[in-house]
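Q: My questions concern the predicted model and sequence given below.
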Amino acid sequence: MSPDSPDPDRAVCFPPRANLTQHEPGMTTRRQSLGRRAEALVADRLRHEGYTILARNWRNLLGELDIVAERDGEIVFVEVRARSGPPETARALALESVNTRKQARLLGLAEAYLEAHNLRAVPWRVDVAAVAFERGEASVEIIRHAVAW
């Protein structure tokens, strides 16, 4: 590796996702808006449940963590998935979208965050939040320990 090459093991924080998604293929303004609303709802719910939000849209070379929170000494990485439609169907589709590849990426991102913040010894887990939107109403389901490591 040359001195000018980036270190692939080093976590790099980029600006919040809202500044980057304008050029991401396949990301429509409506979908971006739905995702931002879902992330805000989940963050509010976590705060209500006693969590402290440490980061939102934390990025490195592997991708992005939607929400990083902490409660009772445990770090929680939350992947937020939003869908429109009837709550049962939308939640199922949102959860199905966190496939094996996405799970592996989430684990890598979690480990990178812990390393970047000197938190390797802290207990942690990965949750998935499924948000369903139908006729202006939202329902949130958070699956704890959704990704096993």
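A: Yep, it's here. Residues are numbered from 1 along each chain as shown.
Q: Now for Tyr113, how many residues are close by?
A: When counting by other Cβ atoms under 10 Å, one arrives at 22 neighbours for Tyr113. Backbone N, C-alpha and C define where each C-beta goes, glycine included.
Q: I should have written Asp66 there, sorry.
A: 23.
Q: That one is in contact with Glu79, isn't it?
A: Yes: in this structure, Asp66 is within contact of Glu79 by Cβ atoms under 8 Å, at 5.7 Å.
Q: Go through stretch 30-48 and flag the buried ones.
A: 34-36, 38-39, 41-43, 46 (16 or more other Cβ atoms under 10 Å).
Q: Can you name the residues in contact with it?
A: For stretch 30-48, contacts defined as Cβ atoms under 8 Å, 6 or more residues apart in numbering pick out 18, 21, 53, 56-57, 66-67, 69, 76, 78, 80-82, 84, 129, 131, 133, 138, 140, 142.
Q: Report the contact partners of the residue nearest to Ile75 when sequence neighbours are not counted.
A: Of all residues not flanking Ile75 in the chain, Trp124 sits nearest, at 4.1 Å (Cβ to Cβ, 6 or more residues apart in numbering). Counting by Cβ under 8 Å, 6+ apart, Trp124 touches 74-77, 110, 114.
Q: circling back to that earlier point, generate a PyMOL selection restricted to the buried subset of the contacts of stretch 30-48.
A: The buried residues among these can be selected in PyMOL (16+ other Cβ under 10 Å) with this line:
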select buried, resi 21+56+57+66+67+69+76+78+80+81+82+129+131+133+138+140+142
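Q: from the contacts of stretch 30-48, which ones fall inside strands?
A: The strands, defined by DSSP state E, take in 53, 56-57, 66-67, 69, 76, 78, 80-82, 84, 129, 131, 133, 138, 140, 142 from the contacts of stretch 30-48.
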